[in-house]
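Asks: A structural model of the following input is requested.
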Amino acid sequence: MLEAVQQPRSPGSGGRRQSRQFIDGAYGDAATGRTFDQVAPATGQVVGQVQEAGRDDVDRAVTAARQALNGPWGKLTLEERCQLLYKVADGITARFDEFLAAESEDTGKPYSLARHIDIPRGAANFKIFADTVRNVASKSFEMATPDGAGALNYAVHVPKGVVAVVCPWNLPLLLMTWKVGPALACGNTVVVKPSEETPATATLLGEVMNEAGVPPGVYNVVHGFGPDSAGAFLTEHPDVDAITFTGETGTGEAIMRAAATGVRDVSFELGGKNPGIVFSDCDLDKAIEGTMRSVFANCGQVCLGTERVFVHRPLFDEFVERLKVGAEALTLGHPTDEATQLGPLVSEVHRSKVRSYYDLAGQEGATVVTGGGIPQMPSDLAGGSWIQPTIWTGLPDDARVVREEIFGPCCHVSPFDDEDEVIARANDTNYGLAAALWTENVSRAHRVARQLDAGITWVNSWFLRDLRTPFGGMKQSGIGREGGEYSLEFYTETKNICIKL
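Replies: Next up, the predicted model:
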């Protein structure tokens with residue numbers, strides 16, 4: 001059921017699906033005439049072709065977004081916009097199975113995961129932010145004037161303009177709509193550049209936008225890569241007013257340099273090397289279950305995942321053994337099999353990167369508790385980007401494997417002796433995105449959580465999100481906050497109006 005977004009199929013393509021540009025409410029081929037193969041990470045087979053946008057394609061998309069902003073979209077009332085966003089959310093839900101199949105084929109993600117997280121959240125983001133902007137409180141200030149009549153000041157939020165949305169490949173629909181939802185709710189228009197690895201759901205969403213009645217040009221999609229391709233052309237475009245990006249820190253730095261020309265605003269959620277801290281007073285069953293999820297969910301390809309685990313020394317041996325048992329019990333298999341718990345990495349290129357760290361761990365002297373290699377898979381999956389879930393111990397905190405983001409199903413586990421020590425070690429990183437803390441001592445929970453350099457700290461949980469709360473990173477993990485009313489700080493300009501009475 002992916003054919004609708006990928007039509008027409010190109011002659012001689014063997015029936016492979018085509019991911020095309022979506023500009024001004026219509027699908028079309030890239031002016032460059034260039035395409036690149038899309039490979040299913042579970043099998044290693046080419047399953048489609050993606051049109052690579054050139055500078056002219058990006059310019060058409062930005063122009064369409066500007067015209068919609070100044071035209072039909074900009075003339076809608078807040079309530080009319082919100083009603084359309086509800087229709088978009090309902091449209092995703094109505095085509096749930098299509099989005100599920102597209103997301104899974106692009107990422108290799110198990111249906112059992114995407115069915116419960118990616119697709120429902122992808123739809124919910126539109127309703128959540130529609131409700132948020134409906135309920136934003138306004139402030140007014142009365143002031144005295146020399147003539148005694150007074151004046152009234154009040155603040156209003158207005159759209160920032162055309163927003164470039166540059167998306168990652170690990171949670172393609174969820175993280176894309178996490179940005180598109182608030183952008184549109186606030187009255188902006190968008191040009192989306194999905195990852196070249198995962199183009200399908202962003203493309204399919206164009207159909208849903210049309211079906212919902214969203215005016216042409218409000219939502220646009222251009223495909224391609226970063227440097228000298230769609231990503232660079234979009235972020236460098238002078239008529240883009242703001243850029244939001246989730247991804248690797250180095251790419252964020254490149255986008256920030258581009259945004260400096262014209263002094264465009266940026267919102268970044270970047271890399272992480274997140275700590276998990278397990279105190280001896282924890283509920284060990286909860287800590288094991290939560291750490292299993294935070295290390296291995298989505299094959300470790302989660303920006304909020306845990307790659308550094310610090311365990312109170314009295315619990316260390318038992319914790320490592322139980323985590324090993326859990327890792328070795330994970331079921332790898334076809335993404336459509338509901339029994340599958342762990343899918344492949346997103347690409348062979350990414351597997352090569354992760355595997356290089358597996359090799360480096362050995363060179364640095366790590367003890368391999370489990371994993372460390374490539375699993376044997378059935379013949380139909382043997383060409384996929386599979387890798388073993390892996391646990392190490394024995395490395396110092398300055399080892400590269402302990403300091404650098406790997407973004408795979410792996411972690412290093414270290415013992416610690418006291419609270420001050422582990423706080424210092426957890427904070428000894430260039431990143432500051434997330435942390436997980438396991439303790440049943442409520443005083444310790446509050447005390448330690450406040451001292452961790454992390455934009456979000458979970459206590460006795462992981463990936464538990466109230467979408468009204470602020471989300472973002474410290475240090476090299478990002479700029480700004482997303483979520484609820486915090487998103488409005490980026491997606492709107494706040495202006496004051498002063499009325500002389």
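
Asks: center of the chain - which residue?
Replies: Leu175 (4.0 Å; C-alpha atoms, centre = their mean).

Asks: how far away is that residue from Gly432?
Replies: Distance of Leu175 to Gly432, computed by C-beta to C-beta, to the nearest Å: 19 Å. Placement of C-beta: from N, CA and C, glycine included.

Asks: same question for Pro168.
Replies: Applying C-beta to C-beta to Pro168 and Gly432 gives a distance of 18 Å.

Asks: name the helix or strand of this structure that has the lowest mean pLDDT.
Replies: Least confident helix or strand, the chain: helix 3-6 with a mean of 38, by mean pLDDT, DSSP states H and E.

Asks: so what strands line up beside the helix or strand following that one?
Replies: Using DSSP states H and E, the next helix or strand after helix 3-6 towards the C-terminus is strand 17-19. With DSSP bridges as the test, strand 17-19 is paired with strand 46-51 (parallel).

Asks: check which helices and strands the next helix or strand after the partner strand sits against.
Replies: Beyond strand 46-51 on the C-terminal side, the first helix or strand identified by DSSP H and E is helix 55-70. Packing partners of helix 55-70 (3 or more C-beta pairs under 8 Å, 6 or more residues apart in numbering; DSSP states H and E): strand 21-23, strand 162-166, strand 189-193, strand 219-221, helix 230-235.

Asks: centre of the protein to the edge, which residue is at the far end?
Replies: Distance from the centre of the chain peaks at Asp147, with 54.6 Å (C-alpha atoms, centre = their mean).

Asks: gap between that one and Val158?
Replies: Asp147 sits 30 Å away from Val158 when distances are taken as C-beta to C-beta.

Asks: and if you look at Asp398?
Replies: Computed as C-beta to C-beta, the Asp398 to Val158 distance reads 48 Å.

Asks: more neighbours: which of those two?
Replies: Val158 (12 against 9; other C-beta atoms under 10 Å).

Asks: where's that one, which helix or strand?
Replies: Judged by DSSP H and E, Val158 forms part of strand 151-159.

Asks: about what we covered before: could you dump the helices and strands packed on helix 55-70 into a markdown table and include mean pLDDT?
Replies: Listed next are the helices and strands packed on helix 55-70 as a markdown table, based on pLDDT from 0 to 100:
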| stretch | mean pLDDT |
| --- | --- |
| strand 21-23 | 98 |
| strand 162-166 | 98 |
| strand 189-193 | 98 |
| strand 219-221 | 98 |
| helix 230-235 | 98 |
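
Asks: Thr492 is nearest to which of these?
Replies: Closest to Thr492 of these is strand 162-166 (C-beta to C-beta; 10.8 Å).

Asks: quick one, helices of the stretch 301-450 of the chain?
Replies: Ranges of helices within the stretch 301-450 of the chain are 316-328, 348-363, 400-403, 419-427, 442-451, based on DSSP state H, counting those that start in this stretch.

Asks: convert the C-alpha atoms of the fourth one to CSV, please.
Replies: Output for helix 419-427, consisting of C-alpha atoms alone and laid out as CSV, is shown next (Å, rounded to 0.1, in the frame of the first residue of the first chain):
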residue,chain,number,x,y,z
GLU,A,419,27.2,10.0,45.0
ASP,A,420,29.6,12.9,44.4
GLU,A,421,31.8,10.7,42.3
VAL,A,422,29.1,9.5,40.0
ILE,A,423,27.7,12.9,39.4
ALA,A,424,31.1,14.2,38.4
ARG,A,425,31.7,11.2,36.1
ALA,A,426,28.2,11.5,34.5
ASN,A,427,28.7,15.2,33.8
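
Asks: buried sites along it?
Replies: Buried positions in helix 419-427, judged by neighbour count with 16 or more other C-beta atoms under 10 Å: Glu419, Val422, Ile423, Arg425, Ala426, Asn427.

Asks: what's the spacing between the last one and Ala454?
Replies: Remark: distance between Asn427 and Ala454 (C-beta to C-beta) = 9 Å.

Asks: go on, the fourth one?
Replies: With distances taken as C-beta to C-beta, Arg425 is found 14 Å from Ala454.

Asks: overlap in contacts of the two?
Replies: Common neighbours of Arg425 and Ala454, using C-beta atoms under 8 Å, 6 or more residues apart in numbering, are Pro275.

Asks: one step back: elements contacting the strand holding Val158?
Replies: On a contact count with 3+ C-beta pairs under 8 Å, 6+ apart, strand 151-159 meets strand 140-143, strand 492-500.

Asks: how about a cut-off of 10 Å?
Replies: With contacts taken as 3 or more C-beta pairs under 10 Å, 6 or more residues apart in numbering; DSSP states H and E, strand 151-159 sits against strand 140-143, helix 172-185, helix 488-491, strand 492-500.

Asks: looking at the ones you listed, which one is packed in the most?
Replies: helix 172-185 (a mean of 28; mean count of other C-beta atoms under 10 Å).

Asks: on that earlier part again, would you mind finding the most buried of the helices and strands packed on helix 55-70?
Replies: Comparing the helices and strands packed on helix 55-70 by mean neighbour count (mean count of other C-beta under 10 Å), strand 219-221 ranks first with a mean of 30.

Asks: on contacts alone, who are the packing partners of that one?
Replies: Where contact means 3+ C-beta pairs under 10 Å, 6+ apart, strand 219-221 is packed against strand 21-23, helix 55-70, strand 162-166, helix 172-185, strand 189-193, helix 200-212.

Asks: of the ones you listed, which is nearest Ser487?
Replies: Closest among the helices and strands packed on strand 219-221, using C-beta to C-beta: helix 172-185, at 4.0 Å.

Asks: the closest one versus strand 189-193: what angle between them?
Replies: Interaxial angle of helix 172-185 relative to strand 189-193 (axes from the mean of the first three to the mean of the last three C-alpha atoms, to 10 degrees): 160 degrees.

Asks: distance between helix 172-185 and the chain's centre?
Replies: How far helix 172-185 lies from its chain's middle: 10 Å, per C-alpha atoms, centre = their mean, to the nearest Å.

Asks: ok, stretch 272-283 next?
Replies: The answer for stretch 272-283 is 23 Å, by C-alpha atoms, centre = their mean.

Asks: flag every buried residue along it.
Replies: Within stretch 272-283, the residues scored as buried using 16+ other C-beta under 10 Å are Gly272, Lys273, Asn274, Pro275, Gly276, Ile277, Val278, Phe279, Cys282.

Asks: tell me the angle the one helix or strand the fifth one maps to makes with helix 442-451.
Replies: Secondary-structure assignment from DSSP H and E places Gly276 in strand 274-278. When the same axes, to 10 degrees is applied, the directions of strand 274-278 and helix 442-451 differ by 160 degrees.

Asks: what's the next helix or strand after strand 274-278 packed up against?
Replies: Downstream of strand 274-278, the next assigned helix or strand under DSSP H and E is helix 284-296. Here helix 284-296 touches strand 274-278, strand 306-312, helix 316-328, strand 390-393, strand 410-416, strand 434-438, going by 3+ C-beta pairs under 10 Å, 6+ apart.

Asks: which helices and strands does the shortest one pack with?
Replies: To tie it back to what came earlier, the one meant is strand 390-393. Judged by 3+ C-beta pairs under 10 Å, 6+ apart, strand 390-393 is in contact with helix 284-296, strand 306-312, helix 316-328, helix 348-363, strand 367-370, strand 410-416.
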